[in-house]
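Enquirer: the following comprises the amino acid sequence and a computationally predicted model.
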Amino acid sequence: ADARWAILAPPMATGTLLARLRDLALDVVFPPRCAACGRHGSFLHDACVAAMPVAEPPRCSRCWDASATDPCGPCGRRPPAFNGLRSLYVMGGGAREAVHALKYRGHAAAARPMGALMAAHARAVRFDADVVTAVPLVGRRRRVRGYNQSELLAREVARELRLPFDGRALRRVRASPPQARAATPEERRRNVEDAFRADASRVAGRRALLIDDVATTGATLDACARALKDAGAREVWCLTWARGD
């Protein structure tokens, strides 16, 4: 795990002299290293961000899949439970490296700049929300990783947007195989069907912003959004760092 993140974890008011002195000391002991290129100097270099492949239209306005039609074929046949999905980047180049560093290489501190960029995008597309939550991660994967990368991103998004983060609004009630191993969209959908439950006392009547690191077919986000809607959420908007086209 990222040793620097363990030190950053305790809450501390941002913008204070103490916080700035802490960050300077940490920069000396644990020099920031870019999650995209691996070079020291920043957790995410501006040049690396500028080179990332942006997930630009034409895309389906509902699931943000690359599509010449709107809605795309799958959304036209079976609309997802979420009201809309947006992803900043295509899963390639530096965007992929950043996800892999965060998800598999213990580079948890990368969640801070990644989350800030995601929050800026949420403002740009005018996602209105009352609460921010994340796709849950439980069991062996969370124990091995030591954290839920989607939750780290969601906490940063919530902080930047000045919205409450609720890590207990949504929980996984059924284990499922990693989605990366599923060969087809239908297999991915079956993997996560009825795998999540939401707490009505936390989401009923509220607009939820659901965060994940990567969307591929959108099956996991769909299952989570369905659980949130079943618990009374008024709207569910989804935001991910990358989209696997």
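Expert: The structure has been received and is ready for your questions.

Enquirer: contacts, neighbours, all on C-alpha from now
Expert: Noted.

Enquirer: all strands for the protein, in order.
Expert: 84-90, 131-134, 170-172, 196-198, 207-215, 235-243 (DSSP state E).

Enquirer: dump these into a markdown table; add mean neighbour count, mean pLDDT and distance to Ala119 as well.
Expert: Shown next, in a markdown table, are these (neighbours: other C-alpha atoms under 10 Å; pLDDT from 0 to 100; distance: least, C-alpha to C-alpha, whole Å):
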| stretch | mean neighbour count | mean pLDDT | distance to Ala119 |
| --- | --- | --- | --- |
| strand 84-90 | 23 | 98 | 10 |
| strand 131-134 | 26 | 98 | 11 |
| strand 170-172 | 20 | 94 | 20 |
| strand 196-198 | 22 | 96 | 23 |
| strand 207-215 | 26 | 98 | 10 |
| strand 235-243 | 26 | 98 | 9 |
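
Enquirer: where does pLDDT dip in the chain?
Expert: With pLDDT under 70 as the threshold, the chain has low-confidence stretches at 1-30, 177-183.

Enquirer: what's around the residue nearest to Ala95 when sequence neighbours are not counted, how many residues?
Expert: Nearest residue to Ala95, sequence neighbours excluded (C-alpha to C-alpha, 6 or more residues apart in numbering): Met52, at 5.6 Å. Using other C-alpha atoms under 10 Å, the number of residues around Met52 comes to 19.

Enquirer: could you pull up the contacting residues of Met52?
Expert: Tyr89, Val90, Gly92, Gly93, Gly94, Ala95 (C-alpha atoms under 8 Å, 6 or more residues apart in numbering).

Enquirer: those helices in this structure, which residues are they?
Expert: All helices of the chain, identified by DSSP state H, fall at 3-8, 17-29, 46-51, 73-77, 93-104, 111-124, 140-145, 149-161, 185-192, 200-203, 219-230.

Enquirer: return the residues in contact with the closest residue to Ser67 other than its chain neighbours.
Expert: In this structure, Ser67 finds its nearest non-sequential neighbour in Arg59, 4.7 Å apart by C-alpha to C-alpha, 6+ apart. When contacts are counted by C-alpha under 8 Å, 6+ apart, Arg59 is found next to Asp65, Ala66, Ser67, Ala68, Thr69, Asp70, Cys72.

Enquirer: check the gap between Arg155 and Asp194 for me.
Expert: Noted for Arg155: a distance of 25 Å to Asp194, by C-alpha to C-alpha, to the nearest Å.

Enquirer: and the contacts of Arg59, which is closest to Asp199?
Expert: Using C-alpha to C-alpha, Asp65 comes nearest to Asp199 of the contacts of Arg59, at 29.2 Å.

Enquirer: please convert the buried members of the contacts of Arg59 into ChimeraX selection syntax.
Expert: In ChimeraX, a selection of the buried entries from the contacts of Arg59 looks like this (16 or more other C-alpha atoms under 10 Å):
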select :65,66,67,70,72
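
Enquirer: and the contacts of Arg59, which is closest to Arg159?
Expert: Nearest to Arg159 out of these is Asp65 (C-alpha to C-alpha; 27.7 Å).

Enquirer: which strand residues bridge the spatially closest residue to that closest one that is not a sequence neighbour?
Expert: Closest residue to Asp65 apart from its sequence neighbours, by C-alpha to C-alpha, 6+ apart: Arg59 at 5.4 Å. Beta-bridge pairing for Arg59 (DSSP bridges): Ala66.

Enquirer: just the contacts of Arg59 now: which is nearest Arg188?
Expert: Relative to Arg188, the closest of the contacts of Arg59 is Asp65; by C-alpha to C-alpha it sits at 15.7 Å.
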